[in-house]
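**Q** take a look and give me a structure for this.
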Amino acid sequence: MTDISHTADTATPRSRQTELWEFRVLVAATYPLFLASELARRATGRKPAGARSVFTEAYGTACATLACAFMG
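**A** Below you'll find the predicted structure:
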C-alpha cells in the first residue's frame, strides 16, 4: 500500500475515501482474530479495568492496531 500510483501518467495521491474503504475491509477481515484473542484473555480471567464488552474491546484493538498501517 503506497500513497501514490506508480504509473508515470497517472501519478495521483490516493483518495481519502479509498483509504477509508481499505481500512474498513482490513478491520472486517481481522476482527475475528482480535475477538478470539479477547475471548481467550477473558477466559483466563484477565478482565480489563474498564467495563467494556468483549466486542467493543476487540473492535478497539483492531482499529488501534490497523491504524498504524495507514500512517505514512
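**Q** contacts and neighbour counts: CA atoms only from here.
**A** OK.
**Q** longest helix in this structure, please.
**A** Across the chain, the helix with the greatest residue count (assigned by DSSP state H) is helix 16-43.
**Q** can you give me the buried ones in that one?
**A** Neighbour counts over helix 16-43 (16 or more other C-alpha atoms under 10 Å) mark F23, V27, T30, Y31, F34, L35, E38, L39 as buried.
**Q** give me the helices and strands touching it, please.
**A** If you count contacts as 3 or more C-alpha pairs under 8 Å, 6 or more residues apart in numbering; DSSP states H and E, helix 16-43 packs onto helix 54-67.
**Q** the helix it packs on to helix 16-43, inter-axis angle?
**A** Inter-element angle recorded for helix 54-67 and helix 16-43: 130 degrees (by axes from the mean of the first three to the mean of the last three C-alpha atoms, to 10 degrees).
**Q** buried residues, helix 54-67. List them.
**A** V54, F55, E57, A58, Y59, T61, A62, C63, L66.
**Q** so who does the closest residue to F55 other than its chain neighbours touch?
**A** Excluding the flanking residues, the one nearest F55 by C-alpha to C-alpha, 6 or more residues apart in numbering is L35, at 6.7 Å. Taking C-alpha atoms under 8 Å, 6 or more residues apart in numbering, we find L35 in contact with V54, F55, A58, Y59.
**Q** burial measure for G50, as a count.
**A** By other C-alpha atoms under 10 Å, the residues close to G50 number 7.
**Q** how near is it to E19?
**A** 31 Å (C-alpha to C-alpha, to the nearest Å).
**Q** show me where this structure dips below the pLDDT cut-off.
**A** 1-13, 70, 72 (pLDDT under 70).
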